[in-house]
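Asks: Below is the sequence, then the predicted model.
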Amino acid sequence: MPAQLAIATHQYKLAMFTAAKELWATSNPEFLVCWGRVGTNVPDQYVEFHGVDNVDTFATMDTKRTAEETLNLEVTWWVTRFGDPEFAGPAAEEYMYARMAEFERYVRVTNTTLAGILDGFNVRHTRLTRQATDDAQVERDSVQGRLAAAITIFEAKTRLTS
């Protein structure tokens, strides 16, 4: 059973990462989707898919010994806009929240089980459960700007069988 737990967490992260890449491939190709932390060449707008944790409980006591697993994935959003801080800050947050809302709606409404993304992997549902936002002043090549950032947690429920 431990191997299944490790696989489920990895499959969940991979399914969410793949869903994001597919979602923005044509509608917002300038929005970079990253597996983990971005490197030293930081773009102006991107999302990072980080760690996954899990909690499991017994679902039934039948011969298959199923378990209910809750998966939590940390997703971090970053958007920078340059120019007058009075306008750059709201513009950065507006773009960030628009991408966050698109992704949240996709996993909550459009493809709630993440079906068809990875062969044989489905969850019962996925939803955004937590978010924390922040902003900061930034500078690049002597030009002032604002950075909008958010840390979000997406939760999924799945059933594991033997």
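Replies: Looks like it came in fine.
Asks: what sits opposite Phe49 in the beta ladder?
Replies: Trp35, Val75 (DSSP bridges).
Asks: ok, it - how many residues close by?
Replies: 21 (other C-beta atoms under 10 Å). To be clear about C-beta, it is placed using only N, CA and C from the backbone, and glycine gets the same treatment.
Asks: hey, C-alpha coordinates of the lengthiest strand in the chain in CSV?
Replies: For the chain, the longest strand by residue count, based on DSSP state E, is strand 143-160. Provided in CSV are the C-alpha atoms of strand 143-160 (Å, rounded to 0.1, in the frame of the first residue of the first chain):
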residue,chain,number,x,y,z
VAL,A,143,12.0,50.4,-13.8
GLN,A,144,9.7,50.1,-10.8
GLY,A,145,6.9,47.6,-10.7
ARG,A,146,4.7,45.5,-8.5
LEU,A,147,4.6,41.8,-7.9
ALA,A,148,1.5,39.9,-7.0
ALA,A,149,1.9,36.5,-5.4
ALA,A,150,-0.4,33.8,-4.1
ILE,A,151,0.0,30.4,-2.4
THR,A,152,-2.9,28.1,-3.0
ILE,A,153,-3.8,24.6,-1.8
PHE,A,154,-5.8,22.4,-4.1
GLU,A,155,-7.4,19.4,-2.4
ALA,A,156,-8.5,16.2,-4.1
LYS,A,157,-10.2,13.0,-2.8
THR,A,158,-9.5,9.6,-4.2
ARG,A,159,-10.1,6.0,-3.2
LEU,A,160,-7.2,3.6,-3.1
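Asks: Angles on the backbone of Val109, please.
Replies: phi -120, psi -50 (degrees, to the nearest 10).
Asks: Against Val33, how distant is it?
Replies: 20 Å (C-beta to C-beta, to the nearest Å).
Asks: So those two - more neighbours on which side?
Replies: Neighbour count, other C-beta under 10 Å: between Val109 and Val33, Val33 has more, with 22 against 9.
Asks: which ones are touching the more buried one?
Replies: 17, 20-21, 24, 46-47, 49 (C-beta atoms under 8 Å, 6 or more residues apart in numbering).
Asks: Kindly report the same for Tyr95.
Replies: 45, 79, 81, 148 are the contacts of Tyr95 under C-beta under 8 Å, 6+ apart.
Asks: So Ala150 is in contact with Met96, correct?
Replies: Yes. Using C-beta atoms under 8 Å, Ala150 is in contact with Met96, at 6.2 Å.
Asks: Between those two, which contacts overlap?
Replies: Trp77.
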